[in-house]
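In: Fold the following.
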Amino acid sequence: MPGPGNSGGAPRHTDAGLQPERTALAWTRTTLALVVASVFFLRWMPSHGWFTATLIIVTAGTALAINL
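Out: Sure, this is the predicted structure:
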């Protein structure tokens, strides 16, 4: 259902309040969690070898993609 001033499509978010800030903070926490996980994977590198490197690349790459 189109809102006022919206010609169709997805309704636009007109509130410049806290919701966009909460969303940005949630993505920041997700990125931080992925970075911490990749640092923990570094501890497994001596015992599990190069398989761990793929986990580090995937988690760090995902964190980087979220931040871009």
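In: Which strand or helix spans the closest residue to M45 other than its chain neighbours?
Out: The shortest distance from M45 to any non-neighbouring residue, by Cβ to Cβ, 6 or more residues apart in numbering, is to T52 (4.8 Å). No exception for glycine: its C-beta is placed from N, CA and C like everyone else's. Using DSSP states H and E, T52 falls within helix 50-67.
In: Please save the CA atoms from that helix in CSV.
Out: Only the C-alpha atoms of helix 50-67 are listed here, as CSV (Å, rounded to 0.1, in the frame of the first residue of the first chain):
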residue,chain,number,x,y,z
TRP,A,50,45.5,-25.0,6.7
PHE,A,51,41.9,-25.9,7.1
THR,A,52,41.8,-23.3,9.8
ALA,A,53,43.2,-20.7,7.4
THR,A,54,40.0,-21.2,5.2
LEU,A,55,37.9,-20.5,8.3
ILE,A,56,39.9,-17.4,9.0
ILE,A,57,39.6,-16.1,5.5
VAL,A,58,35.8,-16.8,5.4
THR,A,59,35.1,-15.1,8.7
ALA,A,60,37.4,-12.1,8.1
GLY,A,61,36.1,-11.7,4.6
THR,A,62,32.5,-11.7,5.8
ALA,A,63,33.4,-9.1,8.4
LEU,A,64,35.0,-7.0,5.7
ALA,A,65,32.0,-7.4,3.4
ILE,A,66,29.7,-6.2,6.1
ASN,A,67,31.7,-3.1,6.7
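In: And that helix, what's buried?
Out: Judged by neighbour count (16 or more other Cβ atoms under 10 Å), helix 50-67 contains these buried residues: 52, 55-56, 59-60, 62-63.
In: now stretch 28-38
Out: 31, 34-35, 37-38.
In: Tell me which of the residues you listed fall in helices.
Out: Counted as lying in helices by DSSP state H, out of those, are 31, 34-35, 37-38.
In: Serialize those to TSV and add fields for distance to L25.
Out: Compiled in TSV, those are given as follows (distance: Cβ to Cβ, whole Å):
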residue	distance to L25
T31	11
L34	15
V35	16
A37	19
S38	21
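In: Dump these to JSON lines, plus pLDDT and distance to W44.
Out: Conversion of these to JSON lines gives the following (pLDDT from 0 to 100; distance: Cβ to Cβ, whole Å):
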{"residue": "T31", "pLDDT": "94", "distance to W44": "21"}
{"residue": "L34", "pLDDT": "93", "distance to W44": "16"}
{"residue": "V35", "pLDDT": "93", "distance to W44": "16"}
{"residue": "A37", "pLDDT": "94", "distance to W44": "11"}
{"residue": "S38", "pLDDT": "93", "distance to W44": "11"}
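In: Please consider this matter closed, and thank you.
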